[in-house]
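Student: Compute the structure for the input listed below.
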Amino acid sequence: MRHLSVPRDQTQVWLERCKANGWLGDTGVLPLSDGRRGVPLNEDAPFDEDPCWEGLTTIDVPPKAQSPKHWRERLPSDLQKLPDSFWPSSYEVQGDVLLVKVEDDVLPHAEAMARAMIEQMPSVRIVCADEGVSGDFRVRDLRTLASRDGSQHTATTVREHEFIIHVDPSEIYYSARLSKQRLNTYEVLQAFRERLDHPLIVADPYAGVGPVFPLLLNHEGLVSGYIAGDLNPKAVNLLKTNLASWTRKSTSSLSPSIVVCKDARAWKEDAELRGKANVVLVNLPHDSFEHLPDLFPLFNPSGLGLVRGWAIVERTSLNGLVAKLETMVVAAGGTPSDTLVSEVKGFSTTRCFVVFQSIITWH
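Tutor: Below you'll find the predicted structure:
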(Lines give C-alpha, C1' and ligand atoms only; values in the text may rest on other atoms or scores of the structure.)
Protein backbone atom coordinates (compact mmCIF):
# COMPACT_ATOMS: atom_id res chain seq x y z
CA MET A 1 0.00 0.00 0.00
CA ARG A 2 1.32 3.44 -0.90
CA HIS A 3 2.33 5.74 1.95
CA LEU A 4 3.65 9.28 1.83
CA SER A 5 6.96 9.47 3.71
CA VAL A 6 6.97 12.68 5.77
CA PRO A 7 9.10 14.12 8.61
CA ARG A 8 7.54 13.28 11.95
CA ASP A 9 6.82 16.92 12.82
CA GLN A 10 4.84 17.34 9.57
CA THR A 11 2.62 14.28 10.07
CA GLN A 12 -0.47 16.18 11.18
CA VAL A 13 -0.11 18.72 8.35
CA TRP A 14 -0.06 16.04 5.68
CA LEU A 15 -2.80 14.00 7.35
CA GLU A 16 -5.11 17.00 7.19
CA ARG A 17 -4.05 17.90 3.65
CA CYS A 18 -4.61 14.37 2.34
CA LYS A 19 -7.93 14.10 4.13
CA ALA A 20 -9.12 17.45 2.74
CA ASN A 21 -8.27 16.33 -0.81
CA GLY A 22 -9.79 12.87 -0.46
CA TRP A 23 -6.43 11.07 -0.72
CA LEU A 24 -6.15 9.62 2.81
CA GLY A 25 -6.19 5.86 3.19
CA ASP A 26 -8.27 4.16 5.86
CA THR A 27 -5.34 2.60 7.75
CA GLY A 28 -3.19 4.23 10.42
CA VAL A 29 0.06 6.19 10.21
CA LEU A 30 3.14 3.96 10.12
CA PRO A 31 6.43 4.62 11.97
CA LEU A 32 9.31 4.60 9.48
CA SER A 33 13.08 4.74 9.86
CA ASP A 34 15.01 7.96 10.48
CA GLY A 35 12.16 9.45 12.50
CA ARG A 36 9.78 9.63 9.53
CA ARG A 37 6.13 8.65 9.31
CA GLY A 38 4.13 6.96 6.56
CA VAL A 39 0.77 8.61 5.80
CA PRO A 40 -1.55 6.07 4.11
CA LEU A 41 -2.82 6.99 0.64
CA ASN A 42 -5.81 5.69 -1.29
CA GLU A 43 -6.12 4.99 -5.01
CA ASP A 44 -7.17 8.58 -5.77
CA ALA A 45 -3.89 10.08 -4.52
CA PRO A 46 -1.67 11.63 -7.26
CA PHE A 47 1.45 9.93 -8.58
CA ASP A 48 4.88 10.54 -7.05
CA GLU A 49 5.97 13.19 -9.53
CA ASP A 50 2.96 15.40 -8.86
CA PRO A 51 4.10 18.81 -7.49
CA CYS A 52 1.43 18.61 -4.76
CA TRP A 53 3.83 16.40 -2.76
CA GLU A 54 6.40 19.23 -2.55
CA GLY A 55 9.33 16.92 -3.14
CA LEU A 56 8.24 14.18 -0.75
CA THR A 57 8.24 10.58 -1.95
CA THR A 58 5.84 7.70 -1.55
CA ILE A 59 6.77 4.16 -0.57
CA ASP A 60 4.94 0.89 -0.93
CA VAL A 61 4.77 -0.96 2.40
CA PRO A 62 2.18 -3.18 4.12
CA PRO A 63 -0.53 -1.11 5.86
CA LYS A 64 -0.77 -0.82 9.60
CA ALA A 65 -3.01 -3.53 10.98
CA GLN A 66 -6.33 -2.05 11.98
CA SER A 67 -7.16 -2.32 15.67
CA PRO A 68 -10.59 -3.53 16.74
CA LYS A 69 -13.06 -0.65 16.82
CA HIS A 70 -15.08 -2.06 19.73
CA TRP A 71 -14.21 -4.13 22.77
CA ARG A 72 -16.60 -6.88 21.60
CA GLU A 73 -14.18 -7.62 18.75
CA ARG A 74 -11.58 -8.61 21.36
CA LEU A 75 -13.76 -11.30 22.93
CA PRO A 76 -12.92 -14.97 22.39
CA SER A 77 -14.24 -16.11 19.01
CA ASP A 78 -17.03 -18.23 20.49
CA LEU A 79 -18.37 -15.22 22.44
CA GLN A 80 -18.21 -12.97 19.39
CA LYS A 81 -20.97 -15.12 17.90
CA LEU A 82 -23.41 -13.82 20.52
CA PRO A 83 -25.59 -10.89 19.36
CA ASP A 84 -24.49 -7.36 20.31
CA SER A 85 -27.72 -6.98 22.28
CA PHE A 86 -26.48 -9.68 24.68
CA TRP A 87 -23.71 -7.44 26.02
CA PRO A 88 -23.99 -4.25 28.10
CA SER A 89 -24.64 -1.28 25.81
CA SER A 90 -23.19 1.33 28.18
CA TYR A 91 -20.70 1.76 30.98
CA GLU A 92 -19.20 4.56 33.06
CA VAL A 93 -15.53 5.45 33.40
CA GLN A 94 -14.24 7.35 36.42
CA GLY A 95 -10.55 8.02 35.99
CA ASP A 96 -8.98 4.63 35.35
CA VAL A 97 -11.96 2.70 36.79
CA LEU A 98 -14.64 1.32 34.46
CA LEU A 99 -18.04 0.57 36.00
CA VAL A 100 -20.50 -1.68 34.18
CA LYS A 101 -23.83 -3.23 35.12
CA VAL A 102 -23.82 -6.95 34.35
CA GLU A 103 -27.06 -8.84 33.75
CA ASP A 104 -27.42 -12.39 35.06
CA ASP A 105 -27.02 -14.07 31.68
CA VAL A 106 -23.74 -12.20 31.07
CA LEU A 107 -22.23 -13.15 34.46
CA PRO A 108 -20.58 -16.40 33.25
CA HIS A 109 -18.68 -14.34 30.65
CA ALA A 110 -18.08 -11.22 32.78
CA GLU A 111 -14.33 -11.76 33.22
CA ALA A 112 -13.79 -12.28 29.47
CA MET A 113 -15.83 -9.14 28.82
CA ALA A 114 -13.76 -7.16 31.31
CA ARG A 115 -10.49 -8.37 29.79
CA ALA A 116 -11.68 -7.29 26.36
CA MET A 117 -12.56 -3.85 27.73
CA ILE A 118 -9.10 -3.43 29.28
CA GLU A 119 -7.43 -4.44 26.02
CA GLN A 120 -9.55 -1.96 24.09
CA MET A 121 -9.13 0.99 26.47
CA PRO A 122 -5.51 1.65 27.48
CA SER A 123 -6.51 4.22 30.12
CA VAL A 124 -8.62 1.71 32.08
CA ARG A 125 -6.82 0.00 34.97
CA ILE A 126 -9.67 -1.94 36.55
CA VAL A 127 -13.16 -3.06 35.48
CA CYS A 128 -15.82 -3.47 38.15
CA ALA A 129 -19.36 -4.80 38.11
CA ASP A 130 -21.73 -2.17 39.48
CA GLU A 131 -24.19 -4.07 41.65
CA GLY A 132 -26.18 -1.05 42.82
CA VAL A 133 -25.98 1.18 45.87
CA SER A 134 -25.85 -0.05 49.45
CA GLY A 135 -25.30 1.12 53.03
CA ASP A 136 -26.18 4.30 54.87
CA PHE A 137 -24.19 6.44 52.44
CA ARG A 138 -25.68 4.84 49.32
CA VAL A 139 -22.32 4.11 47.69
CA ARG A 140 -21.88 1.62 44.89
CA ASP A 141 -21.39 -2.06 45.62
CA LEU A 142 -18.52 -2.86 43.25
CA ARG A 143 -17.02 -6.24 42.40
CA THR A 144 -13.72 -6.48 40.55
CA LEU A 145 -13.95 -8.34 37.24
CA ALA A 146 -10.45 -7.71 35.88
CA SER A 147 -7.41 -5.59 36.67
CA ARG A 148 -4.63 -4.57 34.29
CA ASP A 149 -1.92 -4.56 36.95
CA GLY A 150 -3.44 -6.76 39.64
CA SER A 151 -4.45 -3.83 41.85
CA GLN A 152 -7.89 -4.01 43.47
CA HIS A 153 -8.40 -0.49 44.79
CA THR A 154 -10.81 1.93 43.11
CA ALA A 155 -9.24 5.19 44.31
CA THR A 156 -8.66 7.35 41.24
CA THR A 157 -8.81 10.88 39.88
CA VAL A 158 -11.13 12.44 37.32
CA ARG A 159 -10.79 15.65 35.36
CA GLU A 160 -13.78 17.99 35.32
CA HIS A 161 -13.72 21.51 33.88
CA GLU A 162 -9.90 21.25 33.74
CA PHE A 163 -9.62 20.44 37.47
CA ILE A 164 -8.43 17.19 39.06
CA ILE A 165 -10.85 15.60 41.56
CA HIS A 166 -9.90 12.70 43.83
CA VAL A 167 -12.70 10.13 43.92
CA ASP A 168 -13.30 6.52 44.89
CA PRO A 169 -16.52 5.05 43.46
CA SER A 170 -16.55 2.17 45.96
CA GLU A 171 -16.44 4.57 48.94
CA ILE A 172 -18.16 7.81 47.89
CA TYR A 173 -20.80 9.12 45.52
CA TYR A 174 -19.66 11.13 42.52
CA SER A 175 -21.51 11.63 39.25
CA ALA A 176 -19.85 13.04 36.16
CA ARG A 177 -23.34 13.44 34.69
CA LEU A 178 -23.93 16.40 37.03
CA SER A 179 -20.94 18.37 35.73
CA LYS A 180 -23.25 20.59 33.65
CA GLN A 181 -25.29 21.36 36.78
CA ARG A 182 -22.11 22.34 38.59
CA LEU A 183 -21.17 24.64 35.73
CA ASN A 184 -24.66 26.17 35.90
CA THR A 185 -24.25 26.69 39.65
CA TYR A 186 -20.99 28.52 39.01
CA GLU A 187 -22.76 30.82 36.54
CA VAL A 188 -25.67 31.43 38.93
CA LEU A 189 -23.29 32.30 41.77
CA GLN A 190 -21.37 34.73 39.57
CA ALA A 191 -24.60 36.63 38.90
CA PHE A 192 -25.58 36.52 42.59
CA ARG A 193 -22.17 37.83 43.64
CA GLU A 194 -22.64 40.81 41.29
CA ARG A 195 -26.03 41.47 42.83
CA LEU A 196 -24.63 41.42 46.39
CA ASP A 197 -21.49 43.30 45.36
CA HIS A 198 -19.29 41.26 47.67
CA PRO A 199 -17.75 37.76 47.66
CA LEU A 200 -19.89 34.85 48.81
CA ILE A 201 -19.72 32.45 51.71
CA VAL A 202 -20.98 29.11 50.41
CA ALA A 203 -22.35 26.29 52.56
CA ASP A 204 -22.55 22.83 50.99
CA PRO A 205 -23.70 20.31 53.61
CA TYR A 206 -23.87 17.45 51.06
CA ALA A 207 -20.60 18.20 49.30
CA GLY A 208 -19.33 14.66 48.82
CA VAL A 209 -15.78 15.09 47.53
CA GLY A 210 -16.57 18.73 46.67
CA PRO A 211 -16.89 18.82 42.85
CA VAL A 212 -18.82 22.11 42.94
CA PHE A 213 -15.89 23.98 44.53
CA PRO A 214 -12.97 24.07 42.05
CA LEU A 215 -14.79 26.41 39.65
CA LEU A 216 -15.89 28.65 42.52
CA LEU A 217 -12.51 28.78 44.27
CA ASN A 218 -10.56 29.35 41.07
CA HIS A 219 -12.57 32.51 40.30
CA GLU A 220 -10.76 35.27 42.15
CA GLY A 221 -13.15 37.28 44.29
CA LEU A 222 -16.18 35.04 43.86
CA VAL A 223 -15.96 33.18 47.18
CA SER A 224 -14.64 34.58 50.45
CA GLY A 225 -15.26 31.45 52.50
CA TYR A 226 -16.91 28.05 52.62
CA ILE A 227 -18.46 25.53 54.97
CA ALA A 228 -18.44 22.10 53.34
CA GLY A 229 -19.26 18.69 54.68
CA ASP A 230 -20.76 15.26 54.32
CA LEU A 231 -22.03 12.53 56.58
CA ASN A 232 -19.71 9.95 54.97
CA PRO A 233 -16.28 10.20 56.68
CA LYS A 234 -14.51 8.71 53.66
CA ALA A 235 -16.02 11.39 51.46
CA VAL A 236 -14.88 14.03 53.95
CA ASN A 237 -11.30 12.73 53.81
CA LEU A 238 -11.28 13.11 50.02
CA LEU A 239 -13.04 16.47 50.33
CA LYS A 240 -10.17 17.75 52.51
CA THR A 241 -7.63 16.46 50.00
CA ASN A 242 -9.43 18.12 47.12
CA LEU A 243 -9.94 21.46 48.84
CA ALA A 244 -6.27 21.59 49.83
CA SER A 245 -5.32 20.98 46.20
CA TRP A 246 -7.70 23.60 44.80
CA THR A 247 -6.67 26.32 47.26
CA ARG A 248 -2.92 25.64 47.23
CA LYS A 249 -2.14 28.42 44.76
CA SER A 250 -4.71 30.90 46.06
CA THR A 251 -3.34 34.32 46.94
CA SER A 252 -6.26 35.21 49.22
CA SER A 253 -7.28 33.60 52.50
CA LEU A 254 -10.71 32.07 52.89
CA SER A 255 -12.75 32.64 56.01
CA PRO A 256 -14.48 30.54 57.10
CA SER A 257 -12.80 27.47 55.60
CA ILE A 258 -14.52 24.69 57.52
CA VAL A 259 -14.96 21.02 56.66
CA VAL A 260 -17.55 19.12 58.68
CA CYS A 261 -18.42 15.44 59.05
CA LYS A 262 -21.86 15.69 60.61
CA ASP A 263 -25.54 15.29 59.75
CA ALA A 264 -26.51 18.49 57.93
CA ARG A 265 -29.71 18.77 59.97
CA ALA A 266 -27.56 19.29 63.09
CA TRP A 267 -25.41 22.07 61.64
CA LYS A 268 -27.85 24.69 62.90
CA GLU A 269 -26.98 23.73 66.46
CA ASP A 270 -23.33 24.74 66.00
CA ALA A 271 -22.57 28.46 66.42
CA GLU A 272 -19.53 28.07 64.14
CA LEU A 273 -21.74 26.90 61.27
CA ARG A 274 -25.02 28.78 61.50
CA GLY A 275 -25.75 32.34 60.42
CA LYS A 276 -22.83 32.72 58.03
CA ALA A 277 -23.77 31.59 54.51
CA ASN A 278 -24.90 33.73 51.59
CA VAL A 279 -25.47 30.59 49.52
CA VAL A 280 -26.68 27.17 50.64
CA LEU A 281 -26.45 24.23 48.22
CA VAL A 282 -28.71 21.25 48.83
CA ASN A 283 -27.75 18.13 46.89
CA LEU A 284 -29.54 15.27 48.60
CA PRO A 285 -32.03 14.44 45.85
CA HIS A 286 -34.18 11.94 47.72
CA ASP A 287 -34.58 14.21 50.78
CA SER A 288 -33.71 17.78 49.75
CA PHE A 289 -37.09 19.37 50.41
CA GLU A 290 -37.49 17.50 53.71
CA HIS A 291 -34.13 18.82 54.96
CA LEU A 292 -34.65 22.46 53.94
CA PRO A 293 -36.22 23.70 57.22
CA ASP A 294 -33.11 22.57 59.11
CA LEU A 295 -30.80 24.30 56.62
CA PHE A 296 -32.29 27.82 56.55
CA PRO A 297 -30.57 28.74 59.86
CA LEU A 298 -27.22 28.42 58.04
CA PHE A 299 -27.95 31.66 56.18
CA ASN A 300 -26.57 35.02 57.22
CA PRO A 301 -29.81 36.60 58.53
CA SER A 302 -29.03 40.02 57.04
CA GLY A 303 -29.38 40.86 53.36
CA LEU A 304 -29.99 38.34 50.61
CA GLY A 305 -29.46 34.60 50.48
CA LEU A 306 -29.59 32.07 47.67
CA VAL A 307 -30.74 28.50 48.12
CA ARG A 308 -30.07 26.14 45.22
CA GLY A 309 -30.62 22.42 45.22
CA TRP A 310 -31.66 19.26 43.44
CA ALA A 311 -34.44 16.80 44.10
CA ILE A 312 -36.12 13.71 42.73
CA VAL A 313 -39.87 14.34 42.72
CA GLU A 314 -43.09 12.89 41.41
CA ARG A 315 -43.79 14.41 38.02
CA THR A 316 -47.38 15.09 39.06
CA SER A 317 -46.13 17.38 41.85
CA LEU A 318 -44.06 19.65 39.59
CA ASN A 319 -46.65 22.40 39.25
CA GLY A 320 -46.91 22.85 43.02
CA LEU A 321 -43.23 22.85 43.91
CA VAL A 322 -42.58 26.58 43.45
CA ALA A 323 -45.38 27.36 45.90
CA LYS A 324 -44.10 24.68 48.28
CA LEU A 325 -40.58 26.13 48.25
CA GLU A 326 -41.80 29.68 48.75
CA THR A 327 -44.02 28.61 51.64
CA MET A 328 -41.02 27.01 53.33
CA VAL A 329 -38.96 30.19 52.87
CA VAL A 330 -41.73 32.32 54.40
CA ALA A 331 -42.03 29.92 57.34
CA ALA A 332 -38.30 30.36 57.94
CA GLY A 333 -38.68 34.15 58.12
CA GLY A 334 -37.71 35.16 54.59
CA THR A 335 -39.31 36.63 51.49
CA PRO A 336 -38.71 34.56 48.35
CA SER A 337 -38.14 35.92 44.86
CA ASP A 338 -37.02 34.58 41.47
CA THR A 339 -38.08 31.11 42.62
CA LEU A 340 -37.81 28.32 40.10
CA VAL A 341 -38.13 24.56 39.86
CA SER A 342 -36.98 23.13 36.56
CA GLU A 343 -36.79 19.55 35.32
CA VAL A 344 -33.24 18.45 34.48
CA LYS A 345 -33.94 14.91 33.31
CA GLY A 346 -36.27 11.98 33.79
CA PHE A 347 -35.57 9.59 36.65
CA SER A 348 -38.28 6.98 36.10
CA THR A 349 -41.62 6.75 34.34
CA THR A 350 -43.28 8.74 37.12
CA ARG A 351 -40.47 10.77 38.71
CA CYS A 352 -37.96 13.34 37.50
CA PHE A 353 -34.78 15.05 38.66
CA VAL A 354 -35.19 18.81 39.16
CA VAL A 355 -33.09 21.81 40.09
CA PHE A 356 -34.67 24.40 42.39
CA GLN A 357 -33.58 27.77 43.70
CA SER A 358 -34.87 30.92 45.31
CA ILE A 359 -33.39 34.25 46.31
CA ILE A 360 -34.34 35.07 49.89
CA THR A 361 -34.61 38.44 51.60
CA TRP A 362 -34.18 37.88 55.33
CA HIS A 363 -36.01 40.09 57.83
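
Student: Could you pull up the residues touching residue 318?
Tutor: Counting by C-beta atoms under 8 Å, 6 or more residues apart in numbering, residue 318 makes contact with 341, 343, 352, 354. The C-beta positions use only the backbone N, C-alpha and C, and glycine is treated the same way.

Student: In strands only, show me these.
Tutor: Judged by DSSP state E, the contacts of residue 318 include 341, 343, 352, 354 as members of strands.

Student: pLDDT wise, what is the first one at?
Tutor: Spelled out, it's residue 341. Looking at residue 341, its pLDDT reads 97.

Student: these two touch, right, it and residue 358?
Tutor: No. Counting by C-beta atoms under 8 Å, residue 341 stays clear of residue 358, with 9.3 Å between them.

Student: shared neighbours, those two?
Tutor: Common neighbours of residue 341 and residue 358 (criterion: C-beta under 8 Å, 6+ apart): residue 325.

Student: what ranges do the strands span in the stretch 101-250 of the chain?
Tutor: For the stretch 101-250 of the chain, the strands defined by DSSP state E, counting those that start in this stretch cover 126-134, 139-147, 156-160, 163-167, 200-204, 223-229.

Student: so of these, which one's packed in deepest?
Tutor: strand 200-204 (a mean of 25; mean count of other C-beta atoms under 10 Å).

Student: which strands and helices sit next to it?
Tutor: Here strand 200-204 touches helix 179-196, helix 213-218, strand 223-229, strand 279-283, going by 3 or more C-beta pairs under 8 Å, 6 or more residues apart in numbering; DSSP states H and E.

Student: please redo it, this time with the cut-off set to 7 Å
Tutor: Strand 200-204 sits against helix 179-196, strand 223-229, strand 279-283, with contacts defined as 3 or more C-beta pairs under 7 Å, 6 or more residues apart in numbering; DSSP states H and E.

Student: what mean pLDDT does the first one have?
Tutor: Going back to what we said before, that points to helix 179-196. For helix 179-196, the mean per-residue pLDDT is 97.

Student: for that helix, packing partners?
Tutor: Identification of packing neighbours for helix 179-196 by 3+ C-beta pairs under 7 Å, 6+ apart yields strand 200-204, helix 213-218, strand 304-314.

Student: most packed of these?
Tutor: Most buried among the helices and strands packed on helix 179-196, counting by mean count of other C-beta under 10 Å: strand 200-204, with a mean of 25.

Student: Check the offset of that one from the chain's centre.
Tutor: On the basis of C-alpha atoms, centre = their mean, to the nearest Å, strand 200-204 sits 21 Å off its chain's mean C-alpha point.
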